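**Q** Predicted model follows, preceded by the sequence.
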Amino acid sequence: MKLTDYFNVLLKDTVNLGQVKLDSLDSRVEAVYKALKADEQIGHLILGKTPQGSWAHKTIINPVGSNEFDADFMLDMSENPDWADDPKKYIEEVYAALHRHSTYGNMPHSRKCRCVRLVYANSMHLDIVPHLNLADGREVIVNRDDNDWELTDPQGFTDWMKDKDALAKGNLRKVIRLMKYLRDHKNSFTGTRSILLTTLLGEQVTELRTLLDPSYYSDVPTALLHIVKDLDVWLQENPSTPPVADPSGSGVHFGHRWGSDPEKAQATYSYFRDRIHVHAAEIEEAYEEENKERSIELWQGIFGDGFKAPATSSNSAKFPAAAPADASTVGRSGRAG
């Protein structure tokens, strides 16, 4: 059964990042930005900031267990001619600015391949990504490990996400959040980065599907069933690690996110492929089950006890007899930020 109102509860109460945390994230990003902008050594290079990743795409989820939630933001910077042959200098200097700050210098902070990470005490961190529009027309971020530029088009990716979500009647982002939660909640397909999961799920959403069946993405459980099944079919047709192109058209591929070397990448991808095959079958079984109590048990086997009836249905019965066989499709926003 669909049990759409159960999915609304799961998203709202368990999966989505709550408004208090979203507001905290927003205020912390603003405070860090102002601190960097005020820095005497690099402040004059800072032009603005742009949300990136799950924060920008509205696919951020509440952390599971000891996991942290995070926000990536682009730190828009102008070129420094003295660093023209040393791209990693942008990451080094942002790190140094945090390091000498009276507050952030006393918090855990580190240099990653493409960002500077600032860790807060309450299960969150910020990833600050230096971002430039070079004089030669390239839009780039820094790869510190290679000391080189990487092409990027963050706005293009965000626009792609908006278009795909609209095709899926506003349900793609919710499906992505549910699958990220499933990964973390079940420790399934661990090692698969969110950018890969997001791209592969989004690429399954097509206009042709909606033309052939206007109800193909009609609600959250139906979209979940079809998108994951379509991904499973695609994965089974591709046993070797596939190139995953940035859908923004930047020319970048995300294949390196599977692993640091071909053998590790293939192992991570094969595990992901096998687990999606299992989960697609589990989702189909729960969706097609006509007995309500059994369907609830099957959905809970996938998503845990957060899959439950709205409080108004019954406060005492686990499986309220009075609830309709297929709950209302009047959805809540499921917004995750």
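**A** Looks like it arrived, so ask away.
**Q** got any ranges where this structure has weak pLDDT?
**A** Within the chain, the segments meeting pLDDT under 70 span 312-337.
**Q** Spell out, range by range, the strands that occur in this protein.
**A** Here the chain has its strands, by DSSP state E, at 46-52, 69-77, 109-111, 116-120, 124-133, 139-143, 148-151.
**Q** K89 is nearest to which of these?
**A** Of all those, it is strand 139-143 that lies closest to K89, at 8.5 Å by C-beta to C-beta. All C-beta spots, glycine's among them, are computed from the backbone N, C-alpha and C.
**Q** Would you mind putting the CA coordinates of that closest one into PDB?
**A** The C-alpha trace of strand 139-143 is given here as PDB (Å, rounded to 0.1, in the frame of the first residue of the first chain):
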ATOM      1  CA  GLU A 139      34.100  28.800 -13.400                       C
ATOM      2  CA  VAL A 140      36.200  26.800 -11.000                       C
ATOM      3  CA  ILE A 141      36.800  25.400  -7.600                       C
ATOM      4  CA  VAL A 142      40.100  24.200  -6.200                       C
ATOM      5  CA  ASN A 143      41.500  20.700  -6.100                       C
END
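**Q** now that strand: how far from the chain's centre is it?
**A** Computed by C-alpha atoms, centre = their mean, to the nearest Å, the chain-centroid distance of strand 139-143 equals 20 Å.
**Q** Which neighbouring elements make contact with that strand?
**A** strand 124-133, strand 148-151 (3 or more C-beta pairs under 8 Å, 6 or more residues apart in numbering; DSSP states H and E).
**Q** With respect to N187, which of those lies nearest?
**A** Of these, nearest to N187 by C-beta to C-beta is strand 124-133, at 20.7 Å.
**Q** Dig out what D148 forms beta bridges with.
**A** With DSSP bridges applied, D148 shows beta-bridge pairing to N143.
**Q** Could you verify my assumption that it touches Y90?
**A** No: with contacts counted by C-beta atoms under 8 Å, D148 stays clear of Y90, the gap being 11.9 Å.
**Q** L36 against A96, yeah?
**A** No: if you go by C-beta under 8 Å, L36 and A96 don't touch, sitting 10.7 Å apart.
**Q** between these two, which one's more packed in?
**A** Using other C-beta atoms under 10 Å as the criterion, L36 and A96 rank with L36 on top: 23 against 17.
**Q** Domain ranges for the protein, per the record?
**A** Here the domain assignment for the chain is 4-15+156-303, 19-153, based on automatic domain parsing.
**Q** where exactly do the helices run in the stretch 201-337 of the chain?
**A** Here the stretch 201-337 of the chain has its helices, by DSSP state H, counting those that start in this stretch, at 207-212, 220-236, 262-288, 292-303.
**Q** Reformat the domains of the chain as CSV; add distance to A311.
**A** Below are the domains of the chain laid out as CSV (distance: least, C-beta to C-beta, whole Å):
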stretch, distance to A311
domain 4-15+156-303, 8
domain 19-153, 19
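**Q** Tell me which residue lies nearest the centroid of the chain.
**A** Against the mean C-alpha coordinate of the chain, by C-alpha atoms, centre = their mean, the closest residue is S54 at 4.0 Å.
**Q** That residue - nearest residue in space that isn't next to it in sequence?
**A** In this structure, S54 finds its nearest non-sequential neighbour in I60, 4.1 Å apart by C-beta to C-beta, 6 or more residues apart in numbering.
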